[in-house]
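K.L.:
Sharing a model prediction with you, sequence too.
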Amino acid sequence: MKVLKTIEQLQEVRKNINSTVGFVPTMGALHDGHISLIKKAREENEIVIVSIFVNPTQFLPGEDLDAYPRRDEADKKICEMCKVDYLFMPEISTMYGSEEILIKAPNKSYMLEGKSRPGHFDGVLQVVLKLFGLTQPTNAYFGKKDAQQLSLIEQMVKNLFLPINIVPCDIVREKDGLAMSSRNVYLDETQRKDALLISKSLYSAASLIAKGELDVKKVEEKIYEVMSSLDVEYVAIVDKQFNEIETIELKNTVILVVARFGNTRLLDNIWL
């Protein structure tokens, strides 16, 4: 594995690749969820590129940019074990200049995650587009846990006619059901135990739907009931284009929940 730090290094490498490229963009602090993306990229492509970059433009003032977990040496070892070919680890000054061409996310970016984090998805699309331009991947791998982000990236690729196949990958969970996240390390013992109610609420909703309940309001009520002791930021049931729906549409519905544990926000969802 070669570690690349500069734009020029990555461009030189990419210029000499004439085979399929799988790309996995990350912010580091790699866990089994990231590893599943990298392994899938390894299986499906001749060359695998992983990026580690904590992107400042997607953090709002007061969020955890400075505190975001960074484990560069451990991350390098994980990438080596996963047989990554190239690991791109740029500095902020490498990725952003003094006069940026800004990317504006569509209006649906201001619902759900974007409602509490206005401008967040502008920053996400900004950095992803830059990374796509540098890596020119055949396939790019993203987890379904960040479902709204995934939807917006798919729309950007479609609208900007980018010749990239976006590969959605299933959520990886701890043995007790908690969705894996780099921010799970922020939880104390009590919060960690309480956080299990998030996935429990989704499993309860899925069970209710399996019994024939397709009314969105009744399914939402069940989710809120299970998470009644938590600080729930939102519960949303939408189709895969993130339009609000009144009736569950099998194979075209995503249930999303976000709960707060102190200053930590945890996202989870289930795709029906």
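P.N.:
Perfect, I can see it now.
K.L.:
okay, Ile103: pLDDT?
P.N.:
Listed pLDDT for Ile103 reads 88.
K.L.:
Does it touch Lys130 like I think?
P.N.:
No: counting by Cβ atoms under 8 Å, Ile103 stays clear of Lys130, with 9.2 Å between them. Glycine gets a C-beta too; all of them are placed from N, C-alpha and C.
K.L.:
who's more crowded, these two?
P.N.:
Higher neighbour count among Ile103 and Lys130: Lys130, with 21 against 18, using other Cβ atoms under 10 Å.
K.L.:
how much space between that one and Thr264?
P.N.:
Distance of Lys130 to Thr264, given as Cβ to Cβ, to the nearest Å: 28 Å.
K.L.:
Likewise for Val216?
P.N.:
Taken as Cβ to Cβ, the span from Val216 to Thr264 is 28 Å.
K.L.:
now swap in Val124 and tell me
P.N.:
Taking Cβ to Cβ, one finds Val124 at 19 Å from Thr264.
K.L.:
pLDDT (mean, whole number) over the host helix or strand of Glu8?
P.N.:
For Glu8, the host element (DSSP states H and E) is helix 7-15. Helix 7-15 shows a mean pLDDT of 97.
K.L.:
Quick check: buried residues in it?
P.N.:
For helix 7-15, the buried set under the neighbour-count rule, 16 or more other Cβ atoms under 10 Å, comprises 10, 13-14.
K.L.:
Please apply the same query to stretch 84-101.
P.N.:
Buried, per 16+ other Cβ under 10 Å, within stretch 84-101: 84-90, 95-96.
K.L.:
got a list of contacts for it?
P.N.:
For stretch 84-101, contacts defined as Cβ atoms under 8 Å, 6 or more residues apart in numbering pick out 1-7, 10, 13, 38, 42, 47-53, 55-57, 72, 76, 79, 126-127, 130-131, 134-135.
K.L.:
Pull out the buried members of those residues.
P.N.:
4, 10, 13, 38, 42, 47-53, 55, 57, 76, 79, 126-127, 130-131, 134-135.
K.L.:
what number of residues lie near the residue nearest to Thr253 when sequence neighbours are not counted?
P.N.:
Excluding the flanking residues, the one nearest Thr253 by Cβ to Cβ, 6 or more residues apart in numbering is Leu272, at 4.3 Å. Using other Cβ under 10 Å, Leu272 has 17 neighbouring residues.
K.L.:
All set now, cheers.
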